[in-house]
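**Student:** structure of the sequence below:
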Amino acid sequence: MCGRTRANEKFSGRGHARHICRDCARRPPEERDRIRALMDIEGFLNQRNISPGNIARLKALCKSPDEDVRRQAAMVLEVAELKPHKRGRIPYLGRNVPSLLDRLAQDGLLSHVPFVGSSIAARDEGTFDDIDGEGWDEEPGHEDGPE
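**Tutor:** Next up, the predicted model:
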């Protein structure tokens, strides 16, 4: 749950199967639920396909008492309704709903994407042909990607 690599001794008998260390198990249930919900939301966004089951979970999380969980769940639910499949999702959102992409970036849900936030919204015509990245060949005539 905390994401740390822990020794086997740091897990109780019941927590080891669920990957919850003793320190995390001591947290209040509301805090554990909040952490699990935020991890689920981020996981849904990183999946290849946001399934109908995931969409049902996001709708339930939109009713959460925690404001951060509600906000992030609503954003990812909006993404799921617009483009549930991951292939081409970021360029699609950049072209059609740049404000949603900016909100996702501000909440840290696009940390795995090398270009986030207003840089996407500012791109001309939504094309991503001019991405500046390390390792890209800038010599004329070589437009086939990384070296």
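**Student:** pull the longest helix from the protein.
**Tutor:** Ranked by residue count and defined by DSSP state H, the top helix of the chain is helix 29-46.
**Student:** which positions within that one qualify as buried?
**Tutor:** For helix 29-46, burial by neighbour count (16 or more other CB atoms under 10 Å) applies to 34, 35, 37, 38, 40, 41, 42, 44, 45. C-beta: built from backbone N, CA, C; applies to glycine.
**Student:** specify the angle between the following helix or strand past it and helix 29-46 in degrees.
**Tutor:** Downstream of helix 29-46, the next assigned helix or strand under DSSP states H and E is helix 52-61. Taking axes from the mean of the first three to the mean of the last three CA atoms, to 10 degrees, one finds that helix 52-61 is oriented at 140 degrees with respect to helix 29-46.
**Student:** what does whichever helix or strand comes after helix 52-61 rub up against?
**Tutor:** Past helix 52-61, heading to the C-terminal end, the next element that is a helix or strand (DSSP H and E) is helix 67-82. Counting by CB atoms under 8 Å, 6 or more residues apart in numbering, helix 67-82 makes contact with 34, 37-38, 41-42, 44-45, 50, 54-55, 58-59, 61-64, 89, 92-93, 96-97, 100, 103-104, 107, 109, all of which sit outside it.
**Student:** any chance of a ChimeraX selection covering the buried ones in those residues?
**Tutor:** In ChimeraX, selecting the buried portion of those, with burial taken from 16+ other CB under 10 Å, looks like this:
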select :34,37,38,41,42,44,45,50,54,55,58,61,62,64,89,92,93,97,100,103,104,107,109
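**Student:** coming back round to it: which one among the buried residues of helix 29-46 gets closest to residue 84?
**Tutor:** Closest to residue 84 out of those is residue 44 (9.8 Å), distances taken as CB to CB.
**Student:** quick one: the closest one and residue 58 touch, right?
**Tutor:** Yes - Residue 44 sits in contact with residue 58 when judged by CB atoms under 8 Å, with a separation of 6.6 Å.
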